[in-house]
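Undergrad: This is the structure alone, sequence omitted:
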């Protein structure tokens, strides 16, 4: 058996099981999944776990709260360059308002993030900290509770989840997703805010 074949066989033996999760050094969670490619062939790979989507799926948050969290996450990515892809090609001609440079647009997004944090009690509040680390930095609730928490103190996972749920509830009202029964779908709001 050649060395190349031995290396391929060793990799195959170390292959994780579907559904296996790992916490990355940045606190985000990845899960090994099986999906189909464009040719309908199975492809196994790691996918980042979307905490807000999981919370929506298990009924911990409403659709309005999820959409508010997603809007905060996109504003955060625009403001702080986290590398999260945007549906718009910002920075290309036509990506910014006339006369507005990318630096100004990023500063504007940072103001939007700051204002949203102020709406939930400020960046020093438990709710503000939950939004910053979980919705903004994409850290898992468990990891935020254990590594960062509020004011650097570890928290119980359920307590940390409660802070995030409360923050998303306030944020949903602040963004207008929960106002007298009229809700704008997230895609509509994000398309008009860019």
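TA: Yes, it's here. The structure displayed is predicted, hence computed values, not measured ones.
Undergrad: Quick one: the helices in the protein, in order.
TA: Taking DSSP state H, the helices of the chain run over residues 3-13, 51-57, 63-80, 102-119, 126-130, 141-143, 157-175, 186-193.
Undergrad: How is the protein divided into domains?
TA: 3-48, 51-179 (automatic domain parsing).
Undergrad: With mean pLDDT and mean neighbour count as extra columns, can I get those in CSV?
TA: (C-beta placed from N, C-alpha, C; glycine too.) As requested, the domains of the chain are arranged in CSV below (pLDDT from 0 to 100; neighbours: other C-beta atoms under 10 Å):
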stretch, mean pLDDT, mean neighbour count
domain 3-48, 76, 11
domain 51-179, 80, 18
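Undergrad: wait, residue 42 sits on residue 34?
TA: Yes: between residue 42 and residue 34 there is a contact at 5.5 Å, judged by C-beta atoms under 8 Å.
Undergrad: Can you give me the distance of the residue nearest to residue 56 when sequence neighbours are not counted to residue 177?
TA: Closest residue in space to residue 56, ignoring its immediate chain neighbours: residue 66 at 4.3 Å, by C-beta to C-beta, 6 or more residues apart in numbering. Look at residue 66 and residue 177: by C-beta to C-beta, to the nearest Å, they are 9 Å apart.
Undergrad: what do you get for residue 18?
TA: Computed with C-beta to C-beta, the distance linking residue 18 and residue 177 is 34 Å.
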